[in-house]
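1. Dropping a prediction and its sequence here:
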Amino acid sequence: MLSDWIGPKHWRTPCALLLMVAMICALAGAMSASTVDPAFEPLVRRLVADGFAESKLRRLFSRAELVFSGKAMADKLTKLYMRKYGLRLVSDIQTRLLELGWFPGPADGRLDRMTKWSIKAYQAAVGLPQVPEASEALLEELIQNPRHAPADLKLPEFPTAEVHEIVLSPERLAEAREFYTVNRAALARVRARYGIPEEYLVALLAVETRVGRYLGDTVAIVNLASLAAAEDPAKVAPAFAYENPAPDRQAWLAAKAREKGEWAYGELRALLRYATAQGIDPLSMPGSIYGAIGICQFMPSNALKYAVDGDGDGKADLFNVDDALMSLGNILVAMGWKPPLDEATMRRVFYNYNHSKIYVNTILDAAARLRDGSGFAKTTQ
């Protein structure tokens, strides 16, 4: 006890009390600082330099949940690298599938629609779960279990636009219809204010979060802080051990890591500000691997700009259905939704929300199915 160290007769004097308080504060500060994940220490100092309160930050970053993970940056860099160069691991899997008759080629290192179909076809044939992903375990299975495709295997031609098929499954569409039924009044208010038909709002939420049933496996701030702290590509080097990129490609990865780290730092600052404005504990918000939050999966910078109060309680809480729906209408209008829309314009709006053609295809397909089969009001665009 500090009182024992100062002495029973003296610890109540003003000077001794001040000394005790100072020592306790210093000890608490040292303990707090020592529990910040070392990977986050430079990030905390940078946030302090940008005007965030150090004591509050250190309390936040000392909590057990805030532990660095390289997964988000590794995932982002892997996707970017595959798009630009192709991945050696994917190419080796494609080559093996080609040799076994499951894949028509070419082995370009890109996990495209045909490659995913071929992986699933092989997995089904050997009794494995059908997971269309590239992994060293899959490659090892292809080597150790060289099951040849049947001679009459018919390769698909993919006549329709690619979509996220799981979103269009009967189970997921049933979830969407149930969401519409429960939130009919809130959806109608969004339509009245912003002119966006219910089926498009519900379809987008079905793609993003299973209409609020899945908000992410991890905490948004952990992913954003980890991305911001992973500007040094050495922190995600294990993800590229199989690839073993040449020096010029390693330099490209380093530049991309810095670029994405800077982007994540901006989103981290926005998340902290949004949490403060709404009175939300930052560690209570689950999110996507890249830090999107809420039922409609806004990036924090968009949450600051476009989140609005939908239920009149004075907050713009993206985890609240009324607020999330009204905020979704607000951002879609900002991105160009202005009835009447032709399909090309509608596609541009949804592409602005998420830069993926497959994403846009899925929303339009899901909206059509919901409109035709759920009792939604017929609409004219």
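-> Arrived safely, thanks for sending. Note that this is a predicted model, so its numbers are computed, not measured. Residues are numbered from 1 along each chain as shown.

2. In this structure, where is pLDDT below threshold?
-> 1-34, 374-381 (pLDDT under 70).

3. Settle this for me: A225 is touching F40, isn't it.
-> Yes: at 6.0 Å, A225 and F40 qualify as touching, with contact defined as Cβ atoms under 8 Å. The way it works is simple: take the backbone N, C-alpha and C, and place the C-beta from them, glycine included.

4. Comparing the two, which shows the higher neighbour count?
-> Each of A225 and F40 has its neighbours counted (other Cβ atoms under 10 Å); A225 has more, 31 against 21.

5. So what does the more buried one have for phi and psi?
-> Phi and psi for A225, reported as degrees, to the nearest 10, are phi -60, psi -40.

6. who's in contact with it?
-> A225 makes contact with 40, 43, 61, 66, 68, 264, 268, according to Cβ atoms under 8 Å, 6 or more residues apart in numbering.

7. Can you tell me which of those are buried?
-> Buried subset of the contacts of A225 (neighbour count, 16 or more other Cβ atoms under 10 Å): 40, 43, 61, 66, 264, 268.

8. hang on, the earlier thing: from the contacts of A225, which ones fall inside helices?
-> 43, 61, 264, 268 (DSSP state H).

9. right, and the second one touches F40 too?
-> Yes: counting by Cβ under 8 Å, F61 does reach F40; the two are 5.4 Å apart.

10. Can you tell me how far the closest residue to S327 other than its chain neighbours is from I221?
-> Residue nearest to S327 in three dimensions, not counting chain neighbours: A307, with 4.6 Å by Cβ to Cβ, 6 or more residues apart in numbering. Taking Cβ to Cβ, to the nearest Å as the criterion, A307 is separated from I221 by 17 Å.

11. try N352
-> 25 Å.

12. Check K338 too.
-> Distance from K338 to I221, by Cβ to Cβ: 35 Å.

13. Could you check which of the two has the larger neighbour count?
-> Neighbours per residue, other Cβ under 10 Å: of K338 and I221, the larger number sits with I221, 27 against 11.

14. Check which helix or strand that one maps to.
-> Assigned by DSSP states H and E, I221 falls within helix 220-229.

15. what about that helix, distance to the chain center?
-> 11 Å (Cα atoms, centre = their mean, to the nearest Å).

16. same check, this time on stretch 166-184
-> Centroid separation for stretch 166-184 versus its chain: 22 Å, with Cα atoms, centre = their mean.

17. Show me what counts as buried in it.
-> Neighbour counts using 16+ other Cβ under 10 Å place 167-168, 172-173, 175-177, 179-180, 183 of stretch 166-184 among the buried residues.

18. Over to stretch 132-146?
-> Under 16+ other Cβ under 10 Å, the buried positions of stretch 132-146 are 134, 138-139, 141-142.

19. Repeat that for stretch 209-222.
-> Quick answer for stretch 209-222 (16+ other Cβ under 10 Å): 209-212, 215-216, 218-222.

20. In CSV, list the buried residues of stretch 166-184 along with secondary structure and distance to Y274.
-> Output for the buried residues of stretch 166-184, formatted as CSV (DSSP: H, G, I helix; E, B strand; the rest coil; distance: Cβ to Cβ, whole Å):
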residue, secondary structure, distance to Y274
V167, helix, 27
L168, helix, 32
R172, helix, 29
L173, helix, 32
E175, helix, 27
A176, helix, 27
R177, helix, 31
F179, helix, 24
Y180, helix, 28
N183, coil, 23
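
21. Most widely separated two among those?
-> L168 and N183 (20.6 Å; Cβ to Cβ).

22. which residues touch stretch 271-290?
-> The contact list for stretch 271-290 (Cβ under 8 Å, 6+ apart) reads 47, 52, 60, 63, 65-66, 71-72, 75-76, 215-221, 223-224, 227, 264, 291, 293-294, 297, 299-300, 303-304, 307, 315-317, 319.

23. can you list residues touching both of A225 and F40?
-> What both A225 and F40 touch, as defined by Cβ under 8 Å, 6+ apart, is the set 61, 66, 68.

24. Kindly list the main-chain dihedrals of the residue most central in space within the chain?
-> Nearest to the mean C-alpha position of the chain, by Cα atoms, centre = their mean, lies S288 at 2.5 Å. According to degrees, to the nearest 10, the main-chain angles of S288 amount to phi -70, psi 170.

25. and if you look at P159?
-> Dihedral angles (degrees, to the nearest 10) for P159: phi -70, psi -20.

26. ok, it to K357 distance?
-> 16 Å.

27. Neighbour count for those two, which is higher?
-> Neighbour totals were compared for P159 and K357, and K357 leads with 14 against 5 (other Cβ under 10 Å).

28. circling back: which one of the contacts of A225 is nearest R110?
-> A264 (25.2 Å).

29. Quick check: chain neighbours aside, which residue is closest to the closest one?
-> Nearest non-adjacent residue to A264, counting by Cβ to Cβ, 6+ apart: L227, 3.4 Å away.

30. what about the one you found, neighbour count?
-> Residues near L227, counting by other Cβ under 10 Å: 28.
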